[in-house]
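K.L.:
Kindly generate the corresponding structure for this input.
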Amino acid sequence: MKLATLRTPAGTRAVLLAGAELLDLGAADVGALLADPNWRERAACAAGDRFPVAGADFAPVVPRPSKVVCVGLNYRNHIQEMGRELPSHPTLFAKFADCLTGPTDDIPHPAETAELDWEVELALVIGRPVRRATAAEAEAAIAGFTVLNDITCRDWQFRTREWLQGKMWDASTPIGPYLVTPDELPGGVRPVLDVRLDVDGEVMQSDTTGDLLFDPVALVQYVSTVIRLAPGDVIATGTPGGVGHARTPHRYLNPGATVVAEIDGIGRLVNRVVADAR
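P.N.:
Down below sits the predicted model:
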């Protein structure tokens, strides 16, 4: 099944994609839906209001996760293009709910950066509480997958050895449009999917999630060892090669650019870069 969070005049609603319609699931958003242990049954029996897919205004698929854990340097080719050796353990950093924005929302270009970069990523969403997960528990904890673009201010990222300040800018991280359950994807909880990103029609990233060094199940095991994972939490699994900072010469995003991040079987993010006037 494909779940989303839809903006409506009455507020956001968790919805299920059914052909050309979106069915209301009786929850304010996908995160609230996943907090119900019986969310799969609720979704399977959806009988609420119907909204057309055409013209739908999607919010971040999980608007207010308790945590967003991101993995750096997890595609072999991206590690190599950044001039690093394959790591023995996942490289983790965090984002916050305020970083997230919708799948077609504008991406603000902060005046404080000259090096705004793109990173298409497969993101997993947690569907049940888990701590120190076994492999089987990690598999069962994955509600599904979505698309995330880890927009990064490179000049801020590399000011220090810690990356957080380059990764946590307000409304900088498109996510969505759908959460797709593993049963709909080749490879299930270890999906093998084509990943692409283009800027103004030029392909910048193109790879497959089969190149991941640490797969989604391994990441849930690793992260849940450190901190409990709750329904609606997001783990971004890393980006493939082709980021602007690794190109010669460097390539960065400027106001007016359109960025399309897409993963087969899940969906696409289409975002325009605009000057941040806030």
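K.L.:
what sits against the residue nearest to residue 48 when sequence neighbours are not counted?
P.N.:
Spatial nearest neighbour of residue 48, excluding adjacent residues (CB to CB, 6 or more residues apart in numbering): residue 24 at 3.1 Å. For the C-beta atoms, the positions are set from N, CA and C on the backbone; glycine is no exception. Taking CB atoms under 8 Å, 6 or more residues apart in numbering, we find residue 24 in contact with 13, 14, 15, 46, 48, 49, 50, 51.
K.L.:
in the sheet, who's paired with residue 24?
P.N.:
In this entry, residue 24 is beta-bridged to residue 15, by DSSP bridges.
K.L.:
Now do the same for stretch 242-257: mean pLDDT, whole number.
P.N.:
Mean pLDDT, stretch 242-257: 96.
K.L.:
can you give me the end-to-end distance of it?
P.N.:
17 Å (CA to CA, to the nearest Å).
K.L.:
Now do the buried residues in that stretch.
P.N.:
242, 243, 244, 245, 246, 251, 252, 253, 257 (16 or more other CB atoms under 10 Å).
K.L.:
Please narrow those to those residing in strands.
P.N.:
When these are checked against strands (DSSP state E), there are no matches.
K.L.:
Straight-line length of stretch 248-258, end to end?
P.N.:
With CA to CA as the measure, what separates the two termini of stretch 248-258 is 21 Å.
K.L.:
circling back: could you identify the most distant pair in the buried residues of stretch 242-257?
P.N.:
246 and 257 (17.9 Å; CB to CB).
K.L.:
quick one: buried residues of stretch 109-120?
P.N.:
Under the neighbour-count criterion of 16+ other CB under 10 Å, stretch 109-120 has 109, 113, 115, 116, 117, 118, 119, 120 buried.
K.L.:
How far off centre is that stretch?
P.N.:
17 Å (CA atoms, centre = their mean, to the nearest Å).
K.L.:
What lies in contact with that stretch?
P.N.:
Here stretch 109-120 makes contact (CB under 8 Å, 6+ apart) with 147-156, 169, 195-197, 199, 204-205, 239-240, 243-245, 250, 252-255, 259, 261-263, 273-276.
K.L.:
What's the ChimeraX line that selects buried ones from these?
P.N.:
The ChimeraX command for the buried members of the contacts of stretch 109-120 (criterion: 16+ other CB under 10 Å) is given here:
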select :147,148,149,150,151,152,153,154,155,156,169,195,196,197,199,204,205,239,240,243,244,245,252,253,259,261,262,263,273,276
